[in-house]
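K.L.:
Kindly generate the corresponding structure for this input.
(chains A and B)
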Amino acid sequence: MDLQLIQQLIIGASLAALLSAMGAFVILRRLSWFSDGMAHVSLGGIAIAAFTSFAPLPVALVWTTAAALIIYFLERKTKLPTDAIIGILFTASLALGILIFEKLGTDHEAIEEALFGGLTTITGGDVIAVLILSALILIWLFSFRRELTLLGLSEELASVSGISVQKQTAALYVALAITTVLGAKVLGVVLVSALLIVPASTSRLITRSFKTYTIAAVIISEIVMLAGVYVASVSALSPGPVTVLIGAGVFILVTIAQAARVVRTR
Amino acid sequence: MPEKKIAIQVEDLTVQFGTDRVLDAISFEIEAGQIVAVIGPNGSGKSTLVKTMLGLEKADRGEITYFGKPLSQAKQLIGYVPQRFSFDKDFPITVKEFLKLRRPEGKNTIEHKLAAVGLKPSMAKQHLGALSGGELQRVLMAQAILNSPQILFLDEANAGIDLAGEQNFLEIIKTLNTEHGTTIVMVSHEIDVVARFVDQVICLNRSLVCHGSPKETLTEKVLVSLFGEEAGLYNHTHRHHH
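P.N.:
Next up, the predicted model:
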């Protein structure tokens, strides 16, 4: 195995753990649309980085985190529904990104890579950034898993038991924004939310406890991501679509197996 | 006679939703170790009062203290059983995992508290979403008393349980109160239950109508002023909803 493939598999494994663990809370708190919005917002950040000749990952991280905090702020200060706020922000950022790319005359290949993911442009710095940030978010997630779960089940109970609903929600938004930007590096901004949603949803079909739910989500995610990265790498295809299709395949298989089990037990 | 300890003090509490004043300058004290019922007709502000006392609604004016401390310093003293607990029933979580979310202190706390609310230890492994209404209510009670609160709030927590279950529920509350000295504040619709079960009653109709022992306070005149002419009928018809 060559060094580049090993690097790609390391980044894939790290992202798979991060995306699936985060996905458990995305499903619980119904934040699929938020994560999809954040991924699209990040394209604006990538374009600004191209325009200013900065490295894309740090600019996209700052840009998207700022957008997450703006959503959090507008949710509380306006009477607009959250999905509308997300829609406004992500379309505006996406439009800005497209215009910048147009103005710069960026080639289609680079835009496609941002949209659907890529492995060839991953730098050593990207790998280190992904590993460090993934580890930090996973540690935070593990430390506050009880608070975040109670918050997802009942804001009322969480608040009465002394959990700061506002702080934890803001922290979750920021963590989710960072997660989507990191994931988009491999899977692309259009497809990254699939790895947040598919493993957790698949796991939910087959588990009854929170512990097995999160463990199964991580295992499914690792299998899907590593298979996707490997297939994409050896066949020179975009990793985003390949990984997402493998994930969808696993989801369909599990759904059919579950339906068959239900029919058998009747 | 030793001086009674004040568990809860509410002073000039006013809550307004837009131009609608839901609670108007409410003041009362609750002594430690008492069972207190908050009663009043629909829309009288009962739930708003409890929610404001728990910090779930913002007060426009007034002050609430628990054993002399503000709510922010007293959260560990308080347990709460909500009126409704609507959650995603398909979410994979067991009863034990749900109770663990409240970070139980000490060994075997979960088993002890499940027993205290009349549930078998085997219930801990059950899927939370698969419980019956009565079982879920008891699990919510177990989470509320998990870390032995000094004050327990119940917001119509017996709604949705059958009569036998309700009797049992009241016994659990009584045991908590007598054995652990827990102060109980319960919102209730059931005037007959209130009359024979609680030490003190707070009658609410956006402002404080009365406060005292049920025997002295719940006069025909007060009940009619709160619930209208059909006050007597109210008890009777309400029981049939269960």
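K.L.:
who in chain A is up against chain B?
P.N.:
Contact residues, chain A versus chain B (CB under 8 Å from any CB of the partner chain): A:28, A:146-147, A:149-150, A:153-154, A:156-157, A:159-162, A:203-204, A:207-213. C-beta: built from backbone N, CA, C; applies to glycine.
K.L.:
Flag every buried residue along the longest helix along chain B.
P.N.:
Assignment by DSSP state H gives helix B:163-180 as the longest helix of chain B. Under the neighbour-count criterion of 16 or more other CB atoms under 10 Å in any protein chain shown, helix B:163-180 has B:165-166, B:168-170, B:172-173, B:176-177 buried.
K.L.:
For the helix or strand following that helix, what does the pLDDT average out to?
P.N.:
As assigned by DSSP states H and E, the chain's next helix or strand after helix B:163-180 is strand B:183-187. In this model, strand B:183-187 has a mean pLDDT of 95.
K.L.:
buried sites along the helix or strand following strand B:183-187?
P.N.:
Per DSSP H and E, the first helix or strand lying C-terminal to strand B:183-187 is helix B:191-197. For helix B:191-197, a neighbour-count test (16+ other CB under 10 Å) marks B:191, B:193-195, B:197 as buried.
K.L.:
strand partners of the helix or strand following helix B:191-197, parallel vs antiparallel please.
P.N.:
Sequence order places strand B:200-205 as the next helix or strand after helix B:191-197, per DSSP H and E. Sheet pairing of strand B:200-205 (DSSP bridges) gives strand B:35-39 (parallel), strand B:207-212 (antiparallel).
K.L.:
The last one: what's the following helix or strand?
P.N.:
Counting by DSSP H and E, the element after strand B:207-212 in chain order, helix or strand, is helix B:214-217.
K.L.:
Ok, the first one next?
P.N.:
In the C-terminal direction, the helix or strand that comes right after strand B:35-39 (DSSP H and E) is helix B:46-53.
K.L.:
Just say helix, strand or coil for B:Glu29.
P.N.:
Following DSSP: H, G, I helix; E, B strand; the rest coil, the label given to B:Glu29 is strand.
K.L.:
and it, what is it in contact with?
P.N.:
By CB atoms under 8 Å, 6 or more residues apart in numbering or on different chains, the residues touching B:Glu29 are B:6, B:8-10.
K.L.:
separation between it and B:Ser188?
P.N.:
Separation of B:Glu29 from B:Ser188 (CB to CB, to the nearest Å): 20 Å.
K.L.:
What residues does chain B have near chain A?
P.N.:
By CB under 8 Å from any CB, the residues of chain B that approach chain A are B:54-56, B:75-76, B:78, B:80, B:82, B:85, B:87-88, B:90-94, B:97-98, B:100-103, B:127, B:143.
K.L.:
Pull out the buried residues from these.
P.N.:
Looks like these have B:54-56, B:75, B:78, B:80, B:82, B:85, B:87-88, B:91-94, B:97-98, B:100-102, B:127, B:143 buried, using 16+ other CB under 10 Å.
K.L.:
Identify those among those that sit within strands.
P.N.:
Among these, the members found in strands (DSSP state E) are B:78, B:80.
K.L.:
Now go through the buried ones among the residues of chain B next to chain A and say which are in helices.
P.N.:
Reading helices off those with DSSP H, I get B:97-98, B:100, B:143.
K.L.:
Taking those together, which two end up most distant?
P.N.:
Pairwise distances among those were taken by CB to CB; the largest, 11.4 Å, belongs to B:Glu97 and B:Gln143.
K.L.:
Quick check, central residue of chain A?
P.N.:
Centrality entry for chain A: nearest residue to the mean C-alpha point is A:Thr180, 3.5 Å, by CA atoms, centre = their mean.
K.L.:
tell me which residues of the helix or strand of chain A with the lowest mean pLDDT are tucked away?
P.N.:
Least confident helix or strand of chain A, by mean pLDDT, DSSP states H and E, is helix A:108-116 with a mean of 87. Residues of helix A:108-116 classed as buried: A:110-111, A:113-116 (neighbour count, 16+ other CB under 10 Å).
K.L.:
just checking, what packs against it?
P.N.:
If you count contacts as 3 or more CB pairs under 8 Å, 6 or more residues apart in numbering or on different chains; DSSP states H and E, helix A:108-116 packs onto helix A:32-52, helix A:239-265.
K.L.:
if we go to 10 Å?
P.N.:
If you count contacts as 3 or more CB pairs under 10 Å, 6 or more residues apart in numbering or on different chains; DSSP states H and E, helix A:108-116 packs onto helix A:32-52, helix A:56-77, helix A:82-104, helix A:165-187, helix A:239-265.
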